[in-house]
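# Sharing a model prediction with you, sequence too.
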Amino acid sequence: MSDERPEDTVDESVDEQTDVVVEPEPEPDPNAVPITLNGREIVARKGESIIAAADRHGEYIPRFCYHPRMSAVGMCRQCMVEVDTGRGPMLQPSCMITVSPDMKVETESPTAKRAQEGMIELLLANHPLDCPVCDKGGECPLQDQAFSHGPGESRYVEQKRNYEKPIALSDHVLLDRERCILCDRCTRFADEVAGDKLIHFIARGNATQVNTFPDEPFSSYFSGNTVQICPVGALTAKPYRFKARPWDLEQVESTCTTCSVGCRISVHSSRDELLRFQGVDTGLDTESVNLGWLCDRGRFNFEALESDLRLGAPMVRGDAGLAATTWSSAMQLARQLIDEADSIGLLGGARSTNEGAFAWARLADALDIAHRDAQLGDGLPAEVLGLSRATIGDMSNAATVILVGPDLKEELPVLHLRLRDAVQKGRTKVIEFSSQSTGMTPYAWRSVRHAPGMGPHEIAKTLSDEHVAAQIASGDVVLVAGRSNLAVSEETALAAVRSVLDAVPRAKVLPALRRGNVVGALQLGLAPADAEHGALATLRAAADGHLDLLVLLGADPINDCPDADLARRALAGARRIISIDTFPSESTKLADLVLPAAAFGEQNGSTTNLEGRVSRLNQKVTVNGTARPDWMIAAELAAMLGHDLGVGSVDDVTAAIAASVPAYAQATAEQFESVDGALAVAPTADLPAAAPFEAQPSGYDYRLVVSRKLYDRAVTTAMSPSLAKLAIGAGAHIHPLDLDRVGEPDGAEVKLISSSGSVVLPLIADESVQRGTIWAPFNQPGADITEVVDSSSAVTDVRIERLS
Amino acid sequence: MSAAPYPYAWAAGYYDDGDRPQVVTSRFQYDDSYTLDRYHATGGYEGLRKALGMQPAEVADEVKKSTLLGRGGAGFPAGVKWGFTPAGVWPRYLVVNGDESEPGTYKDRLLMELDPHQLIEGCLIASYAAGLSQCFLYVRGEMALAHERVAKALDDAYAAGYIGKNILDTNFSVDIVLHWGAGAYVVGEETALIESLEGERGMPRLKPPYFPAAIGLYGMPTIVNNVETLSNLPFIASNGSAAYTAIGTETSPGTRMIAVSGHVKRPGVYEIVNGSTTFRDLIYGDEFAQGIRDGNELKAFVPGGGSAPWFVADQLDIPFEGREASGAGSMLGSGAVMVMDDTTDIPAAALTLVKFYAHESCGKCVPCREGGTWLYRILERIVAGNGTDADLDTIRQVGESICPGDMPHAASERLGISAVPFPYKMTTICFVGPSAYVPVHSAMTLFPEEFDALVTKREPRSLIHVTAAPSGGQ
């Protein structure tokens, strides 16, 4: 298959030329480099390494250090081939030599084979042959290539290296140093890809080893990738170590729904138990979403799905609280609750599949439910999806990326990797607007700080600067738009987005909304018709006693809504609550009826990422208990209520989506199972008006910034033991100079008071916080910062009251 | 004059008796040779003044005409090397390789300790001629005195207006940055030295694409020159290339510094006439090393630093000329001759060198990291009397994985073998890997009977050279 690609390229250029001018002898493709590979004439691409050209033409050259997504270092010397550029054949590492015209390459000549065998023997000299007890055994590039390209036996009779087994590089990654072949893949990844240069070689010669700096663990959000790319069993991940043998694993490709980036993953299980997620690289010639990388949160949260705390049976509220019941009586009760309700609100769907969201949207349509929202007042109006949408590829090729949204490293980590990569490779300049420094700040061309709420003013000022304007005019512009601060209102956040679009109307927009399938849910009918029926309005209606029934479709407003007080009042004020969820939560505790939902890996379907890319979700294990997919619950309820949706299987729902939602017309099962998936983008819409916030002097001292960290109390994180312990905990972070002004020591508990509430939190000195502001991580273990956030006010000002 | 008390005893290893031309050591006779005053008094910075009066291209041309060969080991003409920088790419740097660490070599150290201004003047002339924006002087970590003297000399030269902005009131400006290494043999390799300068771990880069002249320090075009090479420039600039080529031979003009060590009566550093002086002159000459100690016979000698294949008495009449040396199966390398007399235990001597190179492997590429230590361990076992015939084969096969194809070695009339010319092929990134194989290969090729005796009789040798393993885990 890959054989034909370069010729395709040539043919295309020929076609283009003949279309325009009829010429018998078209110009040859300037990117085509003819070389001879093992006696076969092939067309390589200009600038390509020999090993990459050979890969595309089906010739495998053994390798350890070479990785197509990282720079070549030529360390392992395994990919030695004979290269003749006219001066006779010479042994060369094929990862380091770029193709040149008429080069002759022999990958299997006696000399090349001899060198390759010699290298395997040298690599195995000190490598322990503990394959039978090694986690990598069975899927180990060293093991495989020792068989395919090795000499078959070793003459090494000396004592092998010995090291203490294993050492922890981080909370997730363990290193068995004696197995390491020092290929530089993990260290290169940490430096080049993750930007967390926390592991490196120490010592020299035969004692060279990978290690962290003293007392500085490899605390990278991306550390798990090093385990995946390790070509031996040196790096192992704690959550998977000693859990299974590769030949016992079954795997299926799927899409990660931890956040809305939608990374391609493969889901591994054994004996009906999820054991491992790995990143999938769809290939250099595809629109790879994640280039094969995953964040640790997405990689290790399979633990949550196997948690004992999962909801496995329907529960109904009786005199003694929630008690398990059968599905039939639960569904009868659900029907009764719906029948009896005059006014219903439906919140959630962003954690569901496209199919689940669509079926519930259909049911909501049938029941005339106006109050519906897939977000919880923590995103942007759904109209943002109707702007000219950028893909991740557009973003990483744009000349300028304007960032008005969350800290990507914390919320959409792999998107951060993609943007960082674009910056590091010199393609893209980032202009960042935020109220505190972010993971992107070190890479930003301009990083503009503004007081919370003052974004529109700073944006207008910055973008009119002569140099900035010249940069913006130099090429494509992509706006990454989201909520950078959950303590300012949605309208204020929207005003910032608008101010960028006012200055650069041609900018394409990549919505940085966070929850797994938030884009799909909004595009498939779970978006409110207007702000009067959005999540906050729904919660207010419930709090005011205007809702008879609140349906929570995988939504936990008490934890996830930035206005905790409102959420609590809403759940108390709603007459009845049905919660459909995978885990018990603060919100399910208050429900009258709890229906257990199938989770990731337990159901088939599709999901839509922030680009609008629709891709496959595949079932790998059976559902927990009697949990059911969201779509099935909706379909059954609809049938019971006399609104048959006409679907009997998940495939029916998929087909119904393609048939009835214009944006998803291309998103048929065949389409989204292709490598690149299918793009489904909501029809054009206009952003609602948003008045920029005008600064008002207030009697409060500090303006609040609330934003997410990667590890928080989100349910799959909190339920994964490996991840839950990494949450930094609740606190009020303050600039050290402001802390001096308060007159309390670092870590002292104080009371933060706003116009709408108060909370006691430790004060933590943090230089990344701007003076005059307090930054508090959202949804962390400990006291809840959202107690002081009022969703109806544009910004949140607080003052500090000392407790001592 | 030669009896002048040198500043400290070890430096007295320099001898200038006899009537030899002095290009780089003319000030070594003075106690205060390293001071700016003495430098001024002996024609110092005149070469720079003269060069600044010419166009840079004229100066570069003069150096090219002098055929000044690089003294770091490869022996490439310096003037030609300067021409490899791509046009129009700025800034471009001069990096001075003062990380002299090849076993047996200690001539750059003397040049830095005894005449730092000569080196600085050389740097300035090179920067002017090759259009280099800044100069980095990398001094080996162990050379504390050299570091101190060069630092003082830099301060004095800055104060005197030789370095910095508008040097000698011309438009020419250049800064010289002194960098102290941290003690790694591999950093003597130019790309590893650049990595080290950039603050990274000293590991060589791959060529291609990282030829320093194209992609060097901080990714910019960079000329890396040896200390002795640059120390020749003041002479050439002052006296012209003709005066320089008048010394030595056409292919190897001028003089060069050779450090002689081992079993000779008078080990030391000698400035010899390039191209015409022979190894016999150097080892037996009265004005040089004065012959083998205790009236013993010469057994073997290393002609160009620890990584050079060995010569035996058959090669004594080869002159210090690059092509002659490589044709005979070795190289002139870094200017170090190590002499072994007939009391030498050849396998143990080879072991000492192999141990050094195995230990100094940076760990970057597999053949060197694994192969070097493997060779060391086998050889250690053989020397300890625990080797077998098969071990000798294994050594050759492991060596083949580092240096595939014919391995250069010297001819031996005694054994009836003829020479295989230098260089070797290699699977490694730099020369450290092959250097671990070279000594044991030379030893096994030129003295097979000593190895045969070891593996058949299995009598352990005294292991004064060999203590702990060069590396290993905890």
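Looks like it arrived, so ask away.
# secondary structure class for the residue of the stretch 251-400 of chain B found nearest chain A?
Residue nearest to chain A within the stretch 251-400 of chain B: B:G363 (2.8 Å; C-beta to the nearest C-beta). In this view, the C-beta of every residue, glycine as well, is placed from N, C-alpha and C. Here B:G363 is coil, with the state taken from DSSP: H, G, I helix; E, B strand; the rest coil.
# Look up the pLDDT of the closest residue to it other than its chain neighbours for me, please.
Nearest residue to B:G363, sequence neighbours excluded (C-beta to C-beta, 6 or more residues apart in numbering or on different chains): A:T208, at 2.8 Å. With respect to pLDDT, A:T208 has a value of 95.
# what's the answer for B:A468, then?
Here, the pLDDT recorded for B:A468 equals 41.
# Repeat that for B:P5.
Model confidence at B:P5, given as pLDDT, is 43.
# ditto for the one 4 residues further on
Reading off the confidence values, B:A9 has pLDDT 39.
# Quick one: residues contacting the residue nearest to B:G363.
A:L182, A:F201, A:I202, B:S361, B:C362, B:G363, B:R369 (C-beta atoms under 8 Å, 6 or more residues apart in numbering or on different chains).
# Kindly recompute the last result at 7 Å.
If a contact means C-beta atoms under 7 Å, 6 or more residues apart in numbering or on different chains, then A:T208 has A:L182, A:F201, B:G363, B:R369 as its contacts.
# shaky segments in the chain?
Since you didn't name a chain, this refers to chain A. Scanning chain A for pLDDT under 70 picks out A:1-26, A:697.
# not what I meant, chain B
Low-confidence segments of chain B (pLDDT under 70): B:1-13, B:458-474.
# got the residues of it near chain A?
Proximity of chain B to chain A (C-beta under 7 Å from any C-beta of the partner chain) is limited to residues B:184, B:201, B:206, B:358-367, B:369-374, B:377, B:394, B:400-401, B:404, B:425, B:427, B:429, B:470-474.
# Now name the helix or strand holding A:G642.
Using DSSP states H and E, A:G642 sits within no helix or strand.
# What distance do you get for it to A:A334?
Spatial separation of A:G642 from A:A334 under the definition C-beta to C-beta, to the nearest Å is 14 Å.
# neighbour-wise, which of the two wins?
Comparing A:G642 with A:A334 by other C-beta atoms under 10 Å in any protein chain shown, the one with more neighbours is A:A334, at 26 against 8.
# pretty sure the more buried one contacts A:S579?
No. Counting by C-beta atoms under 7 Å, A:A334 sits too far from A:S579 to count as a contact (10.9 Å).
# Could you list the domains of the chain?
Unless you meant another one, I'm taking chain A. Domain segmentation of chain A under automatic domain parsing yields A:2-122, A:130-137+A:159-237, A:249-305, A:315-379+A:517-679, A:386-511, A:702-802.
# actually it's chain B I care about, not the one you picked
B:30-245, B:255-334, B:346-457.
# Report all helices and strands that the longest strand along chain B contacts.
When chain B is parsed with DSSP state E, its longest strand is strand B:255-262. With contacts taken as 3 or more C-beta pairs under 7 Å, 6 or more residues apart in numbering or on different chains; DSSP states H and E, strand B:255-262 sits against strand B:268-273, strand B:336-341.
# Could I get those in TSV, plus columns for mean neighbour count?
Shown next, in TSV, are those (neighbours: other C-beta atoms under 10 Å in any protein chain shown):
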stretch	mean neighbour count
strand B:268-273	24
strand B:336-341	24
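# what about the residue in the stretch 351-500 of chain A positioned nearest to chain B, neighbour count?
Residue nearest to chain B within the stretch 351-500 of chain A: A:G426 (11.9 Å; C-beta to the nearest C-beta). By other C-beta under 10 Å, 7 other residues sit near A:G426.
# which SS state does it fall under?
Using three-state DSSP, the structure places A:G426 in coil.
# what about it, distance to A:G195?
Taking C-beta to C-beta, one finds A:G426 at 15 Å from A:G195.
# cool, B:K152 as well?
41 Å.
# which SS state does the most centrally placed residue in chain B fall under?
The centre of chain B sits closest to B:S334, judged by C-alpha atoms, centre = their mean, with a distance of 2.3 Å. Classification of B:S334 using three-state DSSP returns coil.
# just checking, it touches B:G70?
No. Look at B:S334 against B:G70 with C-beta under 7 Å: they stay out of range, at 10.5 Å.
# ok, which stretches of the stretch 51-200 of chain A are strands?
A:80-84, A:89-93, A:104-106, A:167-168, A:173-175, A:199-202 (DSSP state E, counting those that start in this stretch).
# Serialize the ones you listed to JSON lines and add fields for distance to B:M143 and mean neighbour count.
Formatted as JSON lines, the strands of the stretch 51-200 of chain A follow (distance: least, C-beta to C-beta, whole Å; neighbours: other C-beta atoms under 10 Å in any protein chain shown):
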{"stretch": "strand A:80-84", "distance to B:M143": "37", "mean neighbour count": "23"}
{"stretch": "strand A:89-93", "distance to B:M143": "34", "mean neighbour count": "20"}
{"stretch": "strand A:104-106", "distance to B:M143": "45", "mean neighbour count": "21"}
{"stretch": "strand A:167-168", "distance to B:M143": "36", "mean neighbour count": "14"}
{"stretch": "strand A:173-175", "distance to B:M143": "36", "mean neighbour count": "24"}
{"stretch": "strand A:199-202", "distance to B:M143": "24", "mean neighbour count": "18"}
